[in-house]
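Asks: no sequence on this one, just coordinates:
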């Protein structure tokens, strides 16, 4: 570097150099080695200064999310009406409704109810009247004010038989009284604590839908559909068959709560999960992947395991002579390999379930559990008189005097679905080891419902049941629900259970109610009307550049968007 200077010329004109240039004389006076050492010392000093500045900067600042970015999601299915009154009928509609509409209440990440459009609410002492007050300054995305008129209109529409909303049964006996534009009352014919969850229903904009005929509610949404949720619809793309293939949502500028960091959400709808690999490098999130597909998203993705309040069980028809014997039911329970099913069929992506309640129901308490034990199952059957005298591998027993021995043969019905079929086959193999012959029959869902479930024509039904966060086991286990459309699939009958479930429905004190349900749990698990199996996780694959996702319990898959206001792609540093 020094050699770039003309030293001879500098010597001749050294008296002409300004004083501030005299440092060059120092460089001329020292040796080349000393100049190199000095150079490296300067470099080290500069590096140390930069490092100190960087450490100081990092210590005095923090990383925070910042606005911007587009979440590109791929999901299976196709929206039909984009109307929340029919969202129960279609997963895609339910997902979109969760993003563009709000309710009086909503769920948080733990599955607890919190306020949404409601500023406050109170419940009367007799548990029959729910009074809600709306937040101030609530507006639809088009600028129109959100008032109790929208709520009244929504409930009236739900109850209108011409609309044919699946929510009609829930609201048909509830009176609605509008006090003013901010206050509204709901009056129930009887106290029912679990009813609080129904106030998560999404509210329709009166100024839009009052111009739509009731018969057209389920059809294509109005072109000027407005939003009360985090996002609003900006673009709906359709294919040549007029089917919705993509919906683009943008941040709602009038949203009442915390604004989302995400600028847009682009949702692409595909026919099956088998198409996910094609989209792997084009999208950031994939809704509802199967356990087998985890390996596809092993790199650069986070897979969120969300607990959904549903379980699968073997419902044992109590009207069948073999299954009316508790010893048989108990042996079958001990011979059912829940862990094997979860590990082999669901690849570990499920929770073992041992009672009619789930962890998120927070019932707890002691109850009888049946850990897999083939030896114990065999001993129970032997003691009960079930023996394999003809050595054909199937146990027999004379159930009525004067009749031939009845073979321990049972028929299991389930939905024609690979996962359930494989689970049934594992059960079949294990039960064979204790001398039980199990015949498996799979049917399409509609056929199974019409031919078997409605008429209760089955020995055993491998089926799923969905629960609510605030549990109400009455529809599933009361003897008054044995006949269709009741959901007592085991045809279970116990007078003590009937009384406990009736009282729990009317008990307003949460501690006392939990006590009643704990007793019901003990009695049901002791009677073994069903063998509870597992609750599968909902798997949500999201590219690791999307942060802020923090969910645990969701009532249904659409609730994966519960805390979407905290999701972000970009970030920045700010002073601490």
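Replies: Happy to help now that I have it. What you see is a predicted model, and the numbers here were worked out from it, not measured in a lab.
Asks: ok, residue 334 - contacts?
Replies: When contacts are counted by CB atoms under 8 Å, 6 or more residues apart in numbering, residue 334 is found next to 370-374, 376-377, 380. All C-beta spots, glycine's among them, are computed from the backbone N, C-alpha and C.
Asks: helix or strand: which one has the closest residue to it other than its chain neighbours?
Replies: Leaving aside its sequence neighbours, residue 334 sits nearest to residue 377 (CB to CB, 6 or more residues apart in numbering; 4.1 Å). Counting by DSSP states H and E, the element that carries residue 377 is helix 374-383.
Asks: and if you look at residue 539?
Replies: Counting by DSSP H and E, residue 539 is part of strand 530-543.
Asks: any idea how far the helix or strand following that strand is from the chain center?
Replies: Downstream of strand 530-543, the next assigned helix or strand under DSSP H and E is strand 570-575. From the chain centre to the centre of strand 570-575 is a distance of 31 Å (CA atoms, centre = their mean, to the nearest Å).
Asks: just checking: what are the partner strands of strand 570-575?
Replies: strand 61-66 (antiparallel) (DSSP bridges).
Asks: give me the below-cutoff pLDDT ranges for this protein.
Replies: 1-30, 57, 220 (pLDDT under 70).
Asks: could you list the domains of it?
Replies: If you go by automatic domain parsing, the domain ranges for the chain are 2-16+25-63, 70-284+545-575, 310-536.
Asks: so can I have JSON lines of these showing distance to residue 291?
Replies: Shown next, in JSON lines, are those (distance: least, CB to CB, whole Å):
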{"stretch": "domain 2-16+25-63", "distance to residue 291": "34"}
{"stretch": "domain 70-284+545-575", "distance to residue 291": "11"}
{"stretch": "domain 310-536", "distance to residue 291": "4"}
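Asks: among those domains, which is nearest residue 301?
Replies: domain 70-284+545-575 (8.6 Å; CB to CB).
Asks: how far does the closest one sit from its chain's centre?
Replies: In terms of CA atoms, centre = their mean, the centre of domain 70-284+545-575 is found 15 Å from the chain centre.
Asks: residues in contact with residue 118?
Replies: 104-105, 132-135, 199.
Asks: before we move on, the earlier item: what are the pairing partners of the strand holding residue 539, and which direction each?
Replies: Applying DSSP bridges to the sheet, strand 530-543 is found paired with strand 285-289 (antiparallel), strand 301-307 (antiparallel), strand 310-316 (antiparallel), strand 350-352 (antiparallel).
Asks: can you tell which of the domains of the chain is closest to residue 297?
Replies: Short answer: domain 70-284+545-575, nearest of the domains of the chain by CB to CB, at 7.3 Å.
Asks: still on that earlier bit, between the contacts of residue 118, which is nearest residue 536?
Replies: When the contacts of residue 118 are compared against residue 536 (criterion: CB to CB), the nearest one is residue 105, at 26.6 Å.
Asks: which residues touch the closest residue in space to that closest one that isn't next to it in sequence?
Replies: Counting by CB to CB, 6+ apart, residue 105 lies nearest to residue 199, which is 4.5 Å off, once chain neighbours are set aside. Counting by CB under 8 Å, 6+ apart, residue 199 touches 103-105, 113, 118, 121, 130, 132, 186.
Asks: which stretch of helix or strand covers the closest residue to residue 507 other than its chain neighbours?
Replies: With sequence-adjacent residues excluded and distances taken as CB to CB, 6+ apart, residue 507 is closest to residue 513, at 4.1 Å. Assessed by DSSP H and E, residue 513 sits inside helix 510-527.
Asks: next, the angle from that helix to strand 530-543.
Replies: Angle of helix 510-527 versus strand 530-543, following axes from the mean of the first three to the mean of the last three CA atoms, to 10 degrees, is 120 degrees.
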